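Engineer: Next comes the sequence, and after it the predicted model I'd like to discuss.
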2 protein chains.
Amino acid sequence: MGANGIADRVLAGDVRSAARLMRDLDDRLPEAETALRALFPRTGRAYVIGLTGAPGAGKSSLTDRLIGHYRRAGKTVGVVAVDPTSPFTGGAILGDRIRMQDHALDEGVFIRSLGTRGHLGGLSRSTSDLVQVMDAMGKDVVIVETVGVGQDEIEVASLAHTVVVVAVPGLGDDVQAIKAGVLEIADVFAVNKADREGADRTVRDLQGMLELRRTVLGRPLDHDAVHRFHGAPIAAPVPSGEWEPPIVKTVAVKDEGVDELVRAIEGHRAHLESSGERRTREVARARAGFVTVLRERLLAGALARLEAEMGRLDAVAARIAAREADPYQLAEELAARLAAPGEAR
Amino acid sequence: MGANGIADRVLAGDVRSAARLMRDLDDRLPEAETALRALFPRTGRAYVIGLTGAPGAGKSSLTDRLIGHYRRAGKTVGVVAVDPTSPFTGGAILGDRIRMQDHALDEGVFIRSLGTRGHLGGLSRSTSDLVQVMDAMGKDVVIVETVGVGQDEIEVASLAHTVVVVAVPGLGDDVQAIKAGVLEIADVFAVNKADREGADRTVRDLQGMLELRRTVLGRPLDHDAVHRFHGAPIAAPVPSGEWEPPIVKTVAVKDEGVDELVRAIEGHRAHLESSGERRTREVARARAGFVTVLRERLLAGALARLEAEMGRLDAVAARIAAREADPYQLAEELAARLAAPGEAR
């Protein structure tokens, strides 16, 4: 079956073909990329919700509830779960994942996990690929669930239309501090496990931080920095909007507050549509995706040229390690001499 | 003062010049890169220790103790503290940082934090730059302290000569599970806060995992994946060694177990030297650094060409978002047409 065959079957919503394509993308098979290209014109319809927060915040349970809600509303749902646990252990988290597979019997739900195969560095690209495939399959809503502690994970979440940051009472000061980095990308806050002691304090803390941001700073801190990536912006600066992130208390395991959370998400979605910000975010996503693809292709070409001219990367690295070669000069020369990959100039 | 002037002063160990260079590198000033290039031949002497673990594991206190130890042994120490907290809050962690600045009065210690300015995506490059400068300053030991939960942070830690993974009793199952991802890069384990209940269980858990890895798998799980980065390996596969990561109990705040920890680190260092693995790790670091520099330079050139030919990236991204342009085809064309940046072919 050729790339177009697979693409056609994915567009028809075929689960097996989609799963196979995702596996092949994971293995970076060239046919898979061809199929992804064929799908591209048919993407851009899904609404992408990012769900991020510290480990133990109950993100999986909340995702589970959101799936149920959207399914009851007649919508199809895709989930990309990104977590840096290895299959080596990961008891609690794997358990959650398995529990979420209750929905595996439901044809309107498609769940895939990332991060169990150790994709260091390629998180953003891999997540984006999976979201594209789910989008092409016709999923109405795609939820991207990440652990909001690493830079990569925050970057991934920030490419969603609506970013839900999940806080939780009593996780300890250090863990709460870690969450600060994700404050700046939050469109909606969920204070989950809100039946625990300290929930109101967590809500007040969040309110205080939002207030501080509004009055003292006038705009989210580090906004430019978040959207800057080595001189190549990864996302357009969102117009300093009138949107005030609502704070919703939830108890996912008891299905409490989930309707309110959905209302907050849908409220933000309406805001994006009416303010024109949805388009801004789409452009930001397109830009980030394009830059990633471009970067990969350039590097592949340069490394092919390097091998042809100077020997294997390993050998070159050994010369650099011995300080016999200058990596900066080498990079400059390669960039200057790079015409078509593998073709002499 | 020119780039060579700064480089010379950094090589002479001048703290002000080093601090200024680091700031300029942070701002991506071209002169700063020139200075870094000038320093490069004089780097590669420092021993780099990665210290990683979940939030709240007490990494800063442990770093503090390690600094003290190496200083008493007459060695100079650099510290790069990478944490994803924003300056927005971050109470506990900022407090630790400030406490560590006790050593600021000691000329043999140089401490810099990363991650407070929202360096999404550039963590690996920025950390590597700071390590290079400290290395060039003549620091004998450079400690890179990261929160071991994100992919980026794990990648950063994995470029050290010796990686110390800091575990802690009773942080909760979810947080412990998160740590699983860093198991695979550990050369030494420190079970910190070992005066807490459950310390022995944590030690047994780690022993069990190491045992499992050894007997069932024969080698660290996901080893290849950890060292793979979009087809371009970021680090050489370390020969499946005889090294068995020791597990050391510490109570950093009481300075207990720190001598044992240092012995474990130095034991690993001796192993690296005698087995030839130190060279392997140096080559891996050189390769990762070179690929990063190359990737940046290529992208900068391609984006300049893109702007010259097709208009600003924003406009191109808008066409991609509207599905009027195909990012894969665009990337291919750009890569094919890219001669020298800005120069017509």
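Structural biologist: Good, I have the coordinates. Residues are numbered from 1 along each chain as shown, chains lettered A, B, ... in the order given.

Engineer: can you tell me which residues contact residue A:272?
Structural biologist: A:161-162, A:278, A:281 (Cβ atoms under 8 Å, 6 or more residues apart in numbering or on different chains). The way it works is simple: take the backbone N, C-alpha and C, and place the C-beta from them, glycine included.

Engineer: ok, now how distant is it from chain B?
Structural biologist: Distance, residue A:272 to chain B, by Cβ to the nearest Cβ, to the nearest Å: 14 Å.

Engineer: Then residue A:41?
Structural biologist: Distance, residue A:41 to chain B, by Cβ to the nearest Cβ: 5 Å.

Engineer: so that residue sits right up against residue B:322, yeah?
Structural biologist: No: counting by Cβ atoms under 8 Å, residue A:41 sits too far from residue B:322 to count as a contact (10.5 Å).

Engineer: Same list, the contacts of residue A:272, but as CSV with distance to residue B:292, pLDDT and secondary structure please.
Structural biologist: Supplementary listing: those in CSV, determined by distance: Cβ to Cβ, whole Å; pLDDT from 0 to 100; DSSP: H, G, I helix; E, B strand; the rest coil:
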residue, distance to residue B:292, pLDDT, secondary structure
A:161, 31, 93, coil
A:162, 32, 95, strand
A:278, 34, 90, helix
A:281, 28, 87, helix
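
Engineer: Quick check: which ranges of the stretch 51-200 of chain A have low pLDDT?
Structural biologist: For the stretch 51-200 of chain A, applying pLDDT under 70 flags the ranges A:83-102, A:104, A:115-124, A:148-154, A:157-158, A:171-183.

Engineer: any idea how far the one helix or strand residue A:68 maps to is from the chain center?
Structural biologist: Using DSSP states H and E, residue A:68 sits in helix A:59-72. Centre-to-centre, helix A:59-72 and its host chain are 18 Å apart (Cα atoms, centre = their mean, to the nearest Å).

Engineer: domains for chain A, by residue range?
Structural biologist: As given by automatic domain parsing, the domain ranges for chain A are A:1-42, A:44-275, A:276-345.

Engineer: Give me the mean pLDDT for stretch A:324-340.
Structural biologist: Per-region confidence: stretch A:324-340 scores 80 on mean pLDDT.

Engineer: Could I get the CA-only coordinates of stretch A:199-215 as CSV?
Structural biologist: Below are the C-alpha coordinates for stretch A:199-215, written out as CSV (Å, rounded to 0.1, in the frame of the first residue of the first chain):
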residue,chain,number,x,y,z
ALA,A,199,-7.5,23.9,47.7
ASP,A,200,-8.8,27.4,48.5
ARG,A,201,-5.3,28.5,49.2
THR,A,202,-4.1,27.2,45.9
VAL,A,203,-6.9,29.1,44.2
ARG,A,204,-5.9,32.3,46.1
ASP,A,205,-2.3,31.8,45.2
LEU,A,206,-3.1,31.5,41.5
GLN,A,207,-5.4,34.6,41.8
GLY,A,208,-2.6,36.5,43.5
MET,A,209,-0.1,35.5,40.7
LEU,A,210,-2.6,36.6,38.0
GLU,A,211,-3.2,39.8,39.8
LEU,A,212,0.5,40.5,40.2
ARG,A,213,1.0,39.8,36.5
ARG,A,214,-1.8,42.1,35.5
THR,A,215,-1.0,45.1,37.8
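
Engineer: related to what we said a few turns ago, need the residues that contact the helix holding residue A:68.
Structural biologist: Residues from elsewhere that reach helix A:59-72 (Cβ under 8 Å, 6+ apart): A:49, A:51-53, A:76-77, A:79, A:81, A:93, A:96-97, A:99-100, A:102-103, A:106, A:108-109, A:140-141, A:143, A:145, A:147, A:164, A:166, A:190, A:192, A:250, A:252-253, A:255, A:258-259, A:261-262.

Engineer: hey, where'd the helices end up in chain A?
Structural biologist: A:3-11, A:15-26, A:30-39, A:59-72, A:91-100, A:123-136, A:151-157, A:173-183, A:199-212, A:223-226, A:258-275, A:277-310, A:313-321, A:327-337 (DSSP state H).

Engineer: Next, the angle helix B:277-310 makes with the last one.
Structural biologist: Going back to what we said before, that points to helix A:327-337. 40 degrees (axes from the mean of the first three to the mean of the last three Cα atoms, to 10 degrees).

Engineer: What count of nearby residues applies to the residue lying closest to residue A:289 once chain neighbours are set aside?
Structural biologist: Closest residue to residue A:289 apart from its sequence neighbours, by Cβ to Cβ, 6 or more residues apart in numbering or on different chains: residue A:128 at 5.5 Å. By the measure other Cβ atoms under 10 Å in any protein chain shown, the count of residues near residue A:128 is 20.

Engineer: repeat for residue A:64
Structural biologist: Count around residue A:64 with other Cβ under 10 Å applied: 21.

Engineer: Surely residue A:6 touches residue A:35?
Structural biologist: Yes: Residue A:6 lies in contact with residue A:35 (Cβ under 8 Å); the separation is 4.7 Å.

Engineer: neighbour count winner among the two?
Structural biologist: Counted by other Cβ under 10 Å, residue A:6 and residue A:35 do not tie: residue A:35 has more neighbours, with 28 against 23.

Engineer: wait, the more buried one sits on residue A:10?
Structural biologist: Yes: with contact defined as Cβ under 8 Å, residue A:35 reaches residue A:10; the gap is 7.3 Å.

Engineer: Common neighbours of those two, please.
Structural biologist: In contact with both residue A:35 and residue A:10: residue A:21, using Cβ under 8 Å, 6+ apart.

Engineer: Of all residues in chain A, which one is nearest the centre?
Structural biologist: Residue closest to the mean C-alpha point of chain A, counted by Cα atoms, centre = their mean, is residue A:156 at 2.9 Å.

Engineer: Okay, angle between the helix holding residue A:68 and helix A:258-275 too, please.
Structural biologist: Going by the same axes, to 10 degrees, helix A:59-72 makes 70 degrees with helix A:258-275.

Engineer: Give me the buried positions along helix A:59-72.
Structural biologist: Neighbour counts over helix A:59-72 (16 or more other Cβ atoms under 10 Å in any protein chain shown) mark A:59-71 as buried.

Engineer: between those residues, which is closest to residue A:25?
Structural biologist: residue A:63 (22.0 Å; Cβ to Cβ).

Engineer: Chain B versus the closest one, what's the distance?
Structural biologist: To chain B, residue A:63 is 15 Å away according to Cβ to the nearest Cβ.

Engineer: And that residue, how far from residue A:146?
Structural biologist: 11 Å (Cβ to Cβ, to the nearest Å).

Engineer: again with residue A:190
Structural biologist: Distance, residue A:190 to residue A:146, by Cβ to Cβ: 14 Å.

Engineer: before we move on, what about residue A:305?
Structural biologist: Distance, residue A:305 to residue A:146, by Cβ to Cβ: 35 Å.

Engineer: now residue A:107
Structural biologist: Counting by Cβ to Cβ, the gap from residue A:107 to residue A:146 is 26 Å.

Engineer: Of those two, which one has the most company?
Structural biologist: residue A:146 (31 against 10).

Engineer: pretty sure the more buried one contacts residue A:51?
Structural biologist: Yes: with contacts counted by Cβ under 8 Å, residue A:146 reaches residue A:51, the gap being 7.4 Å.

Engineer: Show me which residues of stretch A:32-46 are buried.
Structural biologist: Neighbour-count burial for stretch A:32-46 flags A:32-40, A:42-44, A:46 (criterion: 16+ other Cβ under 10 Å).

Engineer: Restrict it to CA atoms and write it as PDB.
Structural biologist: Extracted C-alpha coordinates of stretch A:32-46, given in PDB (Å, rounded to 0.1, in the frame of the first residue of the first chain):
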ATOM      1  CA  ALA A  32       5.500   7.900   6.500                       C
ATOM      2  CA  GLU A  33       6.600  11.400   5.800                       C
ATOM      3  CA  THR A  34       5.200  11.200   2.300                       C
ATOM      4  CA  ALA A  35       1.800  10.200   3.800                       C
ATOM      5  CA  LEU A  36       2.000  13.000   6.300                       C
ATOM      6  CA  ARG A  37       2.500  15.500   3.400                       C
ATOM      7  CA  ALA A  38      -0.500  14.000   1.600                       C
ATOM      8  CA  LEU A  39      -2.500  14.600   4.800                       C
ATOM      9  CA  PHE A  40      -1.400  18.100   5.400                       C
ATOM     10  CA  PRO A  41      -4.000  20.000   3.200                       C
ATOM     11  CA  ARG A  42      -6.700  18.200   5.100                       C
ATOM     12  CA  THR A  43      -5.500  19.200   8.600                       C
ATOM     13  CA  GLY A  44      -6.200  22.300  10.600                       C
ATOM     14  CA  ARG A  45      -9.800  21.400  11.600                       C
ATOM     15  CA  ALA A  46      -9.300  19.800  15.100                       C
END
